[in-house]
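[1] sequence plus the predicted model coming up.
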Amino acid sequence: MLETSWINIATTISVKEGDIEATIITAIEGGINYWAAKVRPVEPGADQEPDGSYRVGYYGPAALVAGIIITDDEGANHQLDRAAIQRGLKLAGEQYPGRLQTMHDDPWDAGLSDSFVQLCIFGEVIYG
């Protein structure tokens, strides 16, 4: 029998901030709603226009700047900010490298968006 040998490589993957923002928006609009009870900005009211209406698309860019708070169904708060996103990207690259390409090709995939947010805030996929 022949023995299988492996060669390990390391590579750098660049992900567009716009793809990250779209992935987060998708997660909030439908990917994480089975375990997340509430999403709110770190700065109260930052997600509202002067007339009190909500800013469309606010949460994707906000997560990369000031961060957002996701409250899970048990009442625990988790901050999704640039540091958490970088951690999630690193874990995704190590554990699910094909999903990073999917994030670029289809950032509107709810399942991918859900698992990405979980990697960011929990360090692993614990739901679904």
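    The structure has been received and is ready for your questions.
[2] where does the prediction get shaky in this protein?
    1, 56, 104, 107 (pLDDT under 70).
[3] apply 80 and report the result again.
    Within the chain, the ranges that satisfy pLDDT under 80 run 1-2, 9-13, 44-49, 52-59, 66, 97-108, 128.
[4] now do the strands in it.
    With DSSP state E applied, the chain shows strands at 36-41, 68-72, 77-80, listed in chain order.
[5] deepest in the core, which of those is it.
    Per-residue neighbour counts averaged over each of those give the maximum for strand 68-72, namely a mean of 19 (mean count of other C-beta atoms under 10 Å). Glycine gets a C-beta too; all of them are placed from N, C-alpha and C.
[6] what about it, distance to the chain center?
    Between the mean C-alpha point of strand 68-72 and the mean C-alpha point of its chain there is a distance of 12 Å (C-alpha atoms, centre = their mean, to the nearest Å).
[7] elements contacting it?
    Applying 3 or more C-beta pairs under 8 Å, 6 or more residues apart in numbering; DSSP states H and E, we find strand 68-72 packed against strand 36-41, strand 77-80.
[8] let me have the ones you listed in CSV, adding distance to F122 as columns.
    Output for those, formatted as CSV (distance: least, C-beta to C-beta, whole Å):
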stretch, distance to F122
strand 36-41, 12
strand 77-80, 7
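[9] good, we can wrap up now.
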